[in-house]
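Colleague: Sequence unavailable; structure follows:
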């Protein structure tokens, strides 16, 4: 009998649990209808329609930047390697060192260029000497060689004239003696021949001086002047070559100076990524930079602005000069729209395919403004006074129109409404509601008709 007692006890426990379950089910069944009935009769969350002012704003996030940034660029031809760069956010004064670039290759180029320059200088000195020699040769010929040759020929002419006179005298004497019978005819002929020969010699000497004046002098001068012009041309070429090599040397020295970049204005140094563009990488020690690459920026903190992207649905309502409220952490500033982009930002999957237009909000100078500070910008697009408005959550739009539902006691009624401007929270009601009406919030959750209107196909 003892083995049966444990089994009996187990069955008693099972029956007790089953009885308790049936009792609990009956109690819950009796209580649930009460709660269900309470839900059906309770008032839904509503909003009372009133008159008031409605401000339509567009809110976007942006970043503070300067509208006037002093760009610090790499001016080294062909680029270089960064050896040292100042930390971003550092306040600098004119003359402070900002970036130091590798200058070893430039120093080698300077040494090579100095050799080329010195060779060009030596060629110029030689050419100057050749010009001086050519000029001296002309002077030497006109004042020396030519005068010497001319004097020699003139002397020979003088001697020839003397010979002619002597021959004439000798012939005259022979003629007198021949008349007296002292000199024979043959001797007389000899004297005549001597006179003719002296005259021929005189003509030859005179021809020589004419040739010296008209031809030899001109030819010699032309040869000497040609050598002078050639020497002068070579000198000009050497001078141009020297000037070119000097320019190249100066350029290399300038490149060497460009390896150390210093500030020419006071301000805060920032990286380009903190300014208008985000795709420019920040430079670091060891980075290779290209010529004309923007390395750093010194913004003008007295000309600060906030750049935000305005959605394409709102940009047409923007106008330059509109007021804006800029929230910077615990600081709130007033600004105004200063520029609206004509071309949209590129849209893609990385931007969620949102099409936005860059808009700049000008800020008045204020202590503590720094580039890169995050900002929340509210731009007032329109201001409506004394208008009826309802929450956007109370509106259902369908193919058949725009509706809301009002609650009067336990009765819920559909209202066709005509809407005006909206600020994405409240919408102006132009027709269909009156002040004091209670509109049902989120009717999709409670009204079956609202669900049907929301999903009805267009054109129904």
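Modeller: Looks like it came in fine. This structure is a prediction, so every number in the text was calculated from the model and none was measured.
Colleague: what's the distance between stretch 318-329 and the middle of its chain?
Modeller: Computed by CA atoms, centre = their mean, to the nearest Å, the chain-centroid distance of stretch 318-329 equals 28 Å.
Colleague: now do the same end-to-end measure for it.
Modeller: End-to-end span of stretch 318-329 (CA to CA, to the nearest Å): 25 Å.
Colleague: Give the rounded mean pLDDT of it.
Modeller: Stretch 318-329 carries an average pLDDT of 92.
Colleague: List of residues touching that stretch?
Modeller: 58, 64, 306, 310, 332-340, 359, 361, 363, 369, 373-381 (CB atoms under 8 Å, 6 or more residues apart in numbering). Where you see a C-beta, it was placed from the backbone N, CA and C, and this is true even at glycine.
Colleague: Okay, buried residues for it please.
Modeller: 318, 322, 324, 325, 326, 328 (16 or more other CB atoms under 10 Å).
Colleague: partners of the host helix or strand of the fourth one in the sheet?
Modeller: Pointing back at residue 325 there. In this assignment (DSSP states H and E), residue 325 forms part of strand 323-328. When sheet partners are counted by DSSP bridges, strand 323-328 sits next to strand 331-340 (antiparallel), strand 374-391 (antiparallel).
Colleague: List the buried residues for the first one?
Modeller: By neighbour count on 16+ other CB under 10 Å, the buried set for strand 331-340 is 333, 335, 337, 338, 340.
Colleague: And the second one, how close does it get to residue 354?
Modeller: It refers to residue 335. 23 Å (CB to CB, to the nearest Å).
Colleague: which residues in the protein form helices?
Modeller: With helices called from DSSP state H, the chain shows them at 4-41, 104-140, 146-180, 185-211, 217-258, 312-315, 448-455.
Colleague: which residues does residue 124 contact?
Modeller: Contacts of residue 124 by CB under 8 Å, 6+ apart are 235, 238, 239, 241, 242.
Colleague: mind checking the end-to-end distance for stretch 438-451?
Modeller: End-to-end distance for stretch 438-451, by CA to CA: 20 Å.
Colleague: Ok, stretch 413-420 next?
Modeller: Start-to-end span of stretch 413-420 (CA to CA) is 22 Å.
Colleague: who touches it?
Modeller: Applying CB under 8 Å, 6+ apart, the contact partners of stretch 413-420 are 384, 387, 395, 401-407, 427-433, 437, 439, 449.
Colleague: repeat for stretch 219-231
Modeller: So stretch 219-231 is contacted by 127, 130, 131, 133, 134, 135, 137, 138, 141, 142, 145, 146 (CB under 8 Å, 6+ apart).
Colleague: Neighbours of the fifth one, how many?
Modeller: Yep, that's residue 134 we're talking about. Look at residue 134: counted by other CB atoms under 10 Å, it has 18 neighbours.
Colleague: The third one too?
Modeller: A count of nearby residues for residue 131, using other CB under 10 Å, gives 20.
Colleague: Same check on residue 356?
Modeller: The local packing count at residue 356 equals 18, with neighbours defined by other CB under 10 Å.
Colleague: got a list of what the nearest residue to residue 102 once chain neighbours are set aside touches?
Modeller: Among residues not flanking residue 102 along the chain, residue 81 sits closest, at 4.2 Å (CB to CB, 6 or more residues apart in numbering). Residues near residue 81 by CB under 8 Å, 6+ apart: 101, 102, 286, 287, 288, 289.
Colleague: The same query, at a cut-off of 7 Å, please.
Modeller: Shown in contact with residue 81 (CB atoms under 7 Å, 6 or more residues apart in numbering): 101, 102, 286, 288.
Colleague: a markdown table for these, including distance to residue 93 and neighbour count?
Modeller: Converted to a markdown table, the contacts of residue 81 look like this (distance: CB to CB, whole Å; neighbours: other CB atoms under 10 Å):
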| residue | distance to residue 93 | neighbour count |
| --- | --- | --- |
| 101 | 21 | 23 |
| 102 | 26 | 16 |
| 286 | 27 | 9 |
| 288 | 29 | 11 |
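Colleague: and the two most separated of those residues?
Modeller: The distance between the two most remote of the contacts of residue 81 (CB to CB) is 11.4 Å, for 101 and 286.
Colleague: Could you pull out the residues contacting both of those two?
Modeller: 81, 82.
Colleague: Beta-bridge partners for the nearest residue to residue 260 once chain neighbours are set aside, please?
Modeller: Distance criterion CB to CB, 6+ apart; nearest residue to residue 260, sequence neighbours excluded, is residue 100 at 5.6 Å. Counting by DSSP bridges, residue 100 is bridged to residue 84, residue 260.
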